[in-house]
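Participant: Okay, predicted coordinates and the sequence, questions at the end:
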Amino acid sequence: MKDYGYITEQQKKRINDLEEKQTYIRDEINQSRQILSADKFQSNVQNIEKVDIGHETTHVLQWNAFADTMAKKCPKCSRPMKLQWARELSYVSPTDFYWGCTGWYFQSNQIKGCKFTQRLTKDDLSLMTDVSAPEFELSSQDFNIILHDPNTSESILERMDDLQADLRSKKKGIDIVCCPIHAEPMVLQKKRNGVGLLDQYYLRCAHWAQNDQGCNYIEKLKSGSQLAALLKNQTGIGIL
Ligand SMILES: [Zn+2]
Ligand SMILES: [Zn+2]
């Protein structure tokens, strides 16, 4: 429990009860979200095929990892795990991925809620996914080359800016990516001094506030797959 200064036993108990309730509600929300994504999966069943992730297809895994749909639980604390990779890598190989517990983001007195990480198993590298996206017909390398084409970059930037303006005017978040702490849709943001397509956009928690007064959970959008998955989900069209 957090350090609340001097409080009575009764207040402590009350805080404990509320924290338990919060965890319960968050789990409920996460569960209904997974059912929702499973539904989407169902309605699209003719396009679902097994893909074995190798050097050519890491972008398919990044695409799938974009939404909170992988339903992997931490064996230590049973919070959801999220697929991670060093966001700075321009090319990600299959061994660069790992599972990280979202408990990492639950901080109390500078202590992280859970630091558990895990290597991917062979099963994790075999995905059932919608293969109809034209991006998946390319290898990861070719996909990267296309992304860096100035015309392509420019048109993606334009579409992302339009999407951000549209979401902002509707006060909407990205409902397939939620803050692990608040279980609420993340908000699309653009950096002020970003350089190039893959250093421009990020998602931040709806509870973010200036001067470190709110939630600091962010997710950087540093791969073409994340941008494509986002555009496809929001507009129906990916980036190819
Ligand atoms: Zn954990
Ligand atoms: Zn948050």
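Facilitator: It's in. Ligands and ions are numbered 1, 2, ... in the order given.
Participant: C-alpha from now on. contacts and neighbour counts both.
Facilitator: Will do.
Participant: Now do the helices in this protein.
Facilitator: For the chain, applying DSSP state H gives helices covering 9-43, 58-66, 140-147, 150-169, 224-235.
Participant: could those helices be laid out in TSV, adding mean pLDDT?
Facilitator: Shown next, in TSV, are the helices of the chain (pLDDT from 0 to 100):
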stretch	mean pLDDT
helix 9-43	78
helix 58-66	87
helix 140-147	91
helix 150-169	96
helix 224-235	91
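Participant: now, of the ones you listed, which is deepest in the fold?
Facilitator: Highest mean neighbour count of the helices of the chain: helix 58-66, a mean of 22 (counted as mean count of other Cα atoms under 10 Å).
Participant: Need the contact partners of it.
Facilitator: 53, 70, 82-83, 92-94, 125, 127, 129, 136, 140, 177, 223-226, 228-230 (Cα atoms under 8 Å, 6 or more residues apart in numbering).
Participant: show me which of these neighbour ligand 2.
Facilitator: The subset of the contacts of helix 58-66 within reach of ligand 2, by Cα under 5 Å from the ion, is empty.
Participant: Flag every residue of the protein that's near ligand 2.
Facilitator: So the chain meets ligand 2 at 179, 181-182, 205, 215 (Cα under 5 Å from the ion).
Participant: Would you mind putting the residues you listed into a markdown table with pLDDT and distance to ligand 1 alongside?
Facilitator: What follows is these, written out as a markdown table (pLDDT from 0 to 100; distance: Cα to the ion, whole Å):
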| residue | pLDDT | distance to ligand 1 |
| --- | --- | --- |
| Cys179 | 89 | 15 |
| Ile181 | 85 | 13 |
| His182 | 87 | 16 |
| Cys205 | 95 | 20 |
| Cys215 | 91 | 19 |
